[in-house]
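J.: When you get a sec, could you give me coordinates for this:
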Amino acid sequence: MINYKEVESLKEQLINIQADSDDFYYKTLHRLLDPFSHTLDIDEASSFSFAFEDLYLKYEGNYLSLFEELYNQSTNQSIVIEMPYNEISEQTHLAVLNQVDRFEQFQWIKLLKQTDEKTASDFFVVESFEDLKLMYQINSREVFFCNIHFMDLGFSLRGHFDRSMEVFFESEKAIESFKNIVEKNGLFLRKYPDELERGV
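T.: Residues are numbered from 1 along each chain as shown. The predicted structure follows:
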């Protein structure tokens, strides 16, 4: 974990995600990362299985391949996780251990053992792809949602429901670059449904 003394300078370099603010969404470039090219209508949704194995595990390989490519494109110390560490309850810790895979359980326990609660902030630097995979599983399996900042690449991701993830960008150029990587890994980057209705 990054200690409190280092946090303020770091926060100036990150997209300040405000998931409960409409104003933030109006002012910030954003898209949905999703296994579907569009929002499913009622007929499509009724014919599709939303069971864990079908919705989550079916596309996990695509997402992990995408995240591995993003990890490899990022320089050392440039991927930062922002999560409400000091607000995580004992029940949530247990939920993490119940929901993630066995190796990721070990990663979570190791993270907890290395954390000094007195100085720990809500930020830590990704040291390995295994760290990133753990955070992906926590988001995708909806244990809780946290922010994943790719500082070198100009965007941040945040977990969302039904296998999608929200993505926030610093520029249009970052959107185009990310979209190419997303499509190469069999996923889609699309606008939010309400924005398509408004013609945004």
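
J.: The closest residue to residue 99 other than its chain neighbours: neighbouring residues, count only.
T.: Computed as C-beta to C-beta, 6 or more residues apart in numbering, the closest residue to residue 99 that is not its neighbour in sequence is residue 141, at 4.5 Å. Every residue, glycine included, has its C-beta placed from N, CA and C. Neighbourhood size, residue 141 [other C-beta atoms under 10 Å]: 20.

J.: separation between residue 141 and residue 20?
T.: Distance from residue 141 to residue 20, counting by C-beta to C-beta, to the nearest Å: 22 Å.

J.: Where does residue 167 sit: helix, strand or coil?
T.: Of the three states, residue 167 takes strand under DSSP: H, G, I helix; E, B strand; the rest coil.

J.: That one: neighbour count?
T.: So residue 167, with other C-beta under 10 Å, has 23 neighbours.

J.: Could I get the full set of strands for the protein?
T.: 29-34, 79-82, 123-125, 147-150, 155-159, 165-169, 188-190 (DSSP state E).

J.: Lowest average pLDDT across the ones you listed?
T.: The minimum mean pLDDT among the strands of the chain belongs to strand 123-125 (a mean of 88).

J.: which neighbours does it have in its sheet, and in what orientation?
T.: strand 79-82 (antiparallel) (DSSP bridges).
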